[in-house]
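> Starting from these lines, generate the structure:
(one chain, ligands or ions: 2)
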Amino acid sequence: MLSSEGLYQLFNIPAFTTAMTSSTNVSCFHEARRVAIFGGTHGNEMSGVTLVNLWIQNGKEIQRKGVETKPFITNPRAVEKCTRYVDTDLNRAFTTENLSAPSGDDLPYEVQRAQQINETFGPKGSPEAYDVIFDLHNTTSNMGCTLILESSKDHFNLQMMHYIKKAIAPDSCPVLLTEHPLLKYSTSRSVAKHPIGLEVGPQPQGVLRSNIFESMRLVLKHALDFIELFNEGLEFPPCTVDVFRVSEKMDYPRDTNGNIIAMVHPNLQDCDWEPLNPGDPMFQTFDGTTIRYEGAGTVYPTFINEAAYYEKQQAFVTTRRETLAAGAIKKT
Ligand SMILES: CC(=O)N[C@@H](CC(=O)O)C(=O)O
Ligand SMILES: [Zn+2]
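Ligands and ions are numbered 1, 2, ... in the order given. Just a heads-up that it's a prediction; the model follows:
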């Protein structure tokens, strides 16, 4: 029999792995003291709009020890009109170009708004920026309760998502990783050090569904609990998080005039996060012809038939599964 010491020698690993990890491999972050919850980035996504308005009136539910949590309606004019946006999509407006443009009344409303939001909650990429921003969205797709992660290297967010997934089990909470050289976009939440999107569906635009509303509320509760524990000095050990990384944007089949000539196939409709294999039905033309997926391997479609994406020429997005490693984290 080998002693445990002998085993360590055999595999050439230090005997005090645990102690070493906690003293040398822990990433330290400052306290997550300033947190914002954005609703109404899209004015017709009613769960976020309603929750944020509720919390502006009474913030007790989102208060946590040592955390300043600010609920905020990001696009009030779109909320008033119950439309996605007024001039241009606010959740694409936080580009360096927009944020550094000379301000003025002639700019599109959402670009003016992006500049104001960047002043209040950023500046984007600076040490003064808010620590965490949750941005609340609804989708017409059957995505359930999805967390949107913008960077695979954000260990704080990975740890938070790991915590939320565990807290919500056996219900699932998929993580969509939007890190992609071409498909990534400049979100409202991106002004924070740790941006988190929360996308819950299915819910039609302009409609409130109690199940969707309550599951969004529950994820927010766990997220704020995580921040409180972190600020209290709890160390979170290394972990892994299964994510779906955005891979390819798929448009509807169109004629030469750009008109749509097929719908999402019934076998694919509502099957967000389920495997789509080469040869599987993808679209159905108006005369009943099936158009099949012809990619190289298995993908996991999501945002299937999202209403807001018709104007973006997107029927769904394909993703690939990946496991990310998160290092231990602790407050400095
Ligand atoms: C349906 C919808 O609005 N989805 C969001 C996703 C996100 O926040 O990253 C968007 O397109 O901005
Ligand atoms: Zn949205």
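> Residue 87: neighbouring residues, count only.
Neighbour count of residue 87, defined by other Cβ atoms under 10 Å: 15. The C-beta positions use only the backbone N, C-alpha and C, and glycine is treated the same way.
> again, but for residue 272
26.
> And for residue 63?
13.
> Report the beta-bridge partners for the single nearest residue of the stretch 151-300 of the chain relative to ligand 1.
Nearest residue of the stretch 151-300 of the chain to ligand 1: residue 197, at 4.1 Å (Cβ to the nearest ligand atom). Bridge pairing for residue 197 (DSSP bridges) gives the partners residue 135, residue 148.
> from what I can see it touches residue 135, true?
Yes: Residue 197 is within contact range of residue 135, at 5.1 Å (criterion: Cβ atoms under 8 Å).
> Return every residue with contacts to both of those two.
187, 189 (Cβ atoms under 8 Å, 6 or more residues apart in numbering).
> What values do phi and psi take at the residue in the stretch 201-332 of the chain positioned nearest to ligand 2?
Among the residues of the stretch 201-332 of the chain, residue 308 lies nearest to ligand 2; the distance is 6.7 Å by Cβ to the ion. For residue 308, the backbone dihedrals (degrees, to the nearest 10) come out as phi -70, psi -10.
> and it, how many neighbours does it have?
Neighbours of residue 308 using other Cβ under 10 Å come to 21.
> Same question for the one 4 residues further on.
Residues within reach of residue 312, counting by other Cβ under 10 Å, total 14.
> For it, give me its contacts.
Counting by Cβ under 8 Å, 6+ apart, residue 312 has no contacts.
> ok, now how distant is it from residue 94?
17 Å (Cβ to Cβ, to the nearest Å).
> hang on, the earlier thing: not counting its neighbours along the chain, what's nearest the residue of the stretch 201-332 of the chain closest to ligand 2?
Spatial nearest neighbour of residue 308, chain neighbours left out: residue 84 (5.6 Å); criterion: Cβ to Cβ, 6 or more residues apart in numbering.
> ok, then the element right after the helix ranked longest in the chain?
Counting by DSSP state H, the longest helix found in the chain is helix 210-231. Counting by DSSP states H and E, the next helix or strand C-terminal to helix 210-231 is strand 239-250.
> Going by neighbour count, list what's buried in that next one.
In terms of neighbour count (16 or more other Cβ atoms under 10 Å), strand 239-250 has its buried residues at 239, 241, 243, 244, 245, 246, 247, 249, 250.
> likewise stretch 90-109?
Quick answer for stretch 90-109 (16+ other Cβ under 10 Å): 90, 91, 92, 93, 94, 98, 99, 107, 109.
> try stretch 289-297
293, 295.
> circling back: just send the buried residues of strand 239-250 back as CSV, with pLDDT and distance to residue 331 too.
Compiled in CSV, the buried residues of strand 239-250 are given as follows (pLDDT from 0 to 100; distance: Cβ to Cβ, whole Å):
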residue, pLDDT, distance to residue 331
239, 97, 17
241, 98, 20
243, 98, 25
244, 98, 30
245, 98, 29
246, 98, 31
247, 98, 35
249, 98, 39
250, 98, 42
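> Relative to ligand 1, which residue of the chain is the closest?
Closest point on the chain to ligand 1, by Cβ to the nearest ligand atom, is residue 91, at 3.6 Å.
> what about that residue, distance to ligand 2?
As judged by Cβ to the ion, to the nearest Å, residue 91 and ligand 2 stand 6 Å apart.
> Is that residue part of a helix or strand, or is it coil?
helix (DSSP: H, G, I helix; E, B strand; the rest coil).
> how about it, what does it touch?
41, 42, 135, 185, 187, 188.
> Narrow the residues you listed to just the buried residues.
Buried among the contacts of residue 91 (16+ other Cβ under 10 Å): 41, 42, 135, 187, 188.
> from these, which two are the most distant?
42 and 187 (11.2 Å; Cβ to Cβ).
> State the distance from the residue in the stretch 51-200 of the chain that ligand 2 sits nearest to to residue 280.
In the stretch 51-200 of the chain, no residue comes nearer to ligand 2 than residue 137, which is 3.4 Å away by Cβ to the ion. With distances taken as Cβ to Cβ, residue 137 is found 28 Å from residue 280.
> Take stretch 181-197, keep the C-alpha atoms, and write them as PDB.
Provided in PDB are the C-alpha atoms of stretch 181-197 (Å, rounded to 0.1, in the frame of the first residue of the first chain):
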ATOM      1  CA  PRO A 181     -15.500  38.000 -33.200                       C
ATOM      2  CA  LEU A 182     -18.400  38.900 -35.500                       C
ATOM      3  CA  LEU A 183     -21.600  38.200 -33.600                       C
ATOM      4  CA  LYS A 184     -20.900  40.100 -30.300                       C
ATOM      5  CA  TYR A 185     -22.800  43.400 -29.800                       C
ATOM      6  CA  SER A 186     -22.400  46.500 -27.600                       C
ATOM      7  CA  THR A 187     -25.000  46.000 -24.800                       C
ATOM      8  CA  SER A 188     -26.300  48.500 -22.200                       C
ATOM      9  CA  ARG A 189     -24.900  46.300 -19.500                       C
ATOM     10  CA  SER A 190     -21.400  46.300 -21.100                       C
ATOM     11  CA  VAL A 191     -20.600  49.600 -19.200                       C
ATOM     12  CA  ALA A 192     -20.200  47.500 -16.000                       C
ATOM     13  CA  LYS A 193     -17.200  45.600 -14.900                       C
ATOM     14  CA  HIS A 194     -19.300  42.400 -14.800                       C
ATOM     15  CA  PRO A 195     -22.200  42.500 -17.300                       C
ATOM     16  CA  ILE A 196     -25.000  39.900 -17.000                       C
ATOM     17  CA  GLY A 197     -27.900  39.500 -19.300                       C
END
